[in-house]
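Engineer: can you look at this prediction? I've put the sequence above it.
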Amino acid sequence: MNTRYTTAGIFIKNGRVLVAKRINEGALSGKWEFPGGKNRQSESLSDTLIREFKEELDVQIFSKEEIFTTEFDNKDTHYILKAFLIDIPNPEFTLTVHTDFLYAGKKELKELDFGKSDSKIASFLLENNFLED
């Protein structure tokens, strides 16, 4: 089984976290997620986040510290998902693979329909008081 790293950027603004809703195609069709994506060979995880946010939201980010790791299997690949706190100096987005975005507080985060691995990140954020009501 192959192993690949994937990333998620956690941007918290005023006690709320950025989440985006995937377009209606692919494995995560219509699901909410923490933006990020798969690592390319010879790319650092920080560079992966920077590239993915540029591709998905057309925005520059700065990666900070890693806060959460989970693992899962999909088909013939074992994934290691690492979530990082990030900063977005100018959070004005152009959506390319999402239909919507929002800043979710605790209540919204509990109600949104996430994919399995992103729901683990959401639970971690809630359990560790990263967000406000």
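Structural biologist: Yep, that arrived. Residues are numbered from 1 along each chain as shown.

Engineer: just give me the longest strand of this structure.
Structural biologist: In the chain, ranked by residue count with DSSP state E as the criterion, the top strand is strand 62-74.

Engineer: and the helices in the protein?
Structural biologist: 45-57, 106-111, 116-127 (DSSP state H).

Engineer: same list (those) but as JSON lines, adding mean neighbour count.
Structural biologist: Where you see a C-beta, it was placed from the backbone N, CA and C, and this is true even at glycine. Formatted as JSON lines, those follow (neighbours: other Cβ atoms under 10 Å):
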{"stretch": "helix 45-57", "mean neighbour count": "19"}
{"stretch": "helix 106-111", "mean neighbour count": "14"}
{"stretch": "helix 116-127", "mean neighbour count": "18"}
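
Engineer: thinking again about what came up before, sheet partners, orientation included, of the longest strand of the chain?
Structural biologist: strand 77-87 (antiparallel) (DSSP bridges).

Engineer: roughly how far is the partner strand from the heart of the chain?
Structural biologist: A distance of 8 Å separates the centroid of the chain from that of strand 77-87, by Cα atoms, centre = their mean, to the nearest Å.

Engineer: what average pLDDT does it get?
Structural biologist: What strand 77-87 shows for mean pLDDT is 97.
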